[in-house]
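Engineer: Dropping a prediction and its sequence here:
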Amino acid sequence: MEKTIAEIIDMAIQREDEAYNFYMDIHKKVQDESVKETVAYIAKEELKHRKFLVGYRAGNYGSDSLRMADVVDYKIAEYLEEPEIDSDTSREDVYLIASHREARSHLFYTELAGMHADSELKTMMLKMANEELKHKEKMEYLYSNTAFAQTSGG
């Protein structure tokens, strides 16, 4: 049975709610203030996605409201196993966990877009996938700069 546009948007809104809760759960568990600040920032980004989707569903925005951006996909999450989160999780592991989450979100939107012929909905889902890939890029950048910090010796 094919889902209606409203059902698809509702699925996407639920996904953004889950992402927000995921990041806020990490925020509660970790002790490192810089990590807390970073995951709170990404959680707010997920709330922005939710707000956009709610507005899109209500007819307030078109797919042209989001822009596609060039993204560097470092593919770190694809090559490293996702660690577990607890209060002692290292900074780089939090960023790796977040990279995995964003990779799954990117895949979710890409697969949702793939279920539809060319349409405004498909375009919007591809743009949402791009938004998630931008988050993945940020998290992988933070991971690589934390796990492999530059030393004064070069």
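Structural biologist: Everything's here; your move. Residues are numbered from 1 along each chain as shown.
Engineer: ok, the closest residue to Ala98 other than its chain neighbours - how many residues close by?
Structural biologist: With sequence-adjacent residues excluded and distances taken as C-beta to C-beta, 6 or more residues apart in numbering, Ala98 is closest to Met139, at 4.2 Å. Heads up, the C-betas are built off the backbone N, CA and C, glycines and all. Per other C-beta atoms under 10 Å, the neighbour tally for Met139 reads 26.
Engineer: Kindly report the same for Lys48.
Structural biologist: 11.
Engineer: quick one: average confidence on stretch 110-127?
Structural biologist: On average, the pLDDT along stretch 110-127 is 90.
Engineer: Pull out the buried positions in that stretch.
Structural biologist: By 16 or more other C-beta atoms under 10 Å, the buried positions in stretch 110-127 come out as 110, 112-113, 116, 121-127.
Engineer: what helices or strands is the helix or strand encompassing Lys51 leaning on?
Structural biologist: If you go by DSSP states H and E, Lys51 is part of helix 33-57. Contact analysis of helix 33-57 by 3 or more C-beta pairs under 8 Å, 6 or more residues apart in numbering; DSSP states H and E lists helix 5-29, helix 91-114, helix 120-147 as its packing neighbours.
Engineer: what pLDDT does Asp64 get?
Structural biologist: 79.
Engineer: Thr151 in helix, strand or coil?
Structural biologist: coil (DSSP: H, G, I helix; E, B strand; the rest coil).
Engineer: still on that earlier bit, among the helices and strands packed on helix 33-57, which is nearest Asp64?
Structural biologist: When those are compared for distance to Asp64 using C-beta to C-beta, the nearest one is helix 120-147, at 8.2 Å.
Engineer: what's the distance between that closest one and the middle of its chain?
Structural biologist: Put simply, helix 120-147 sits 6 Å off its chain's centre (C-alpha atoms, centre = their mean, to the nearest Å).
Engineer: quick check: angle from that helix to helix 91-114?
Structural biologist: Interaxial angle of helix 120-147 relative to helix 91-114 (axes from the mean of the first three to the mean of the last three C-alpha atoms, to 10 degrees): 170 degrees.
Engineer: by contact count, what packs against helix 120-147?
Structural biologist: Against helix 120-147 (3+ C-beta pairs under 8 Å, 6+ apart) you get helix 5-29, helix 33-57, helix 76-79, helix 91-114.
Engineer: so of these, which one's packed in deepest?
Structural biologist: helix 91-114 (a mean of 21; mean count of other C-beta atoms under 10 Å).
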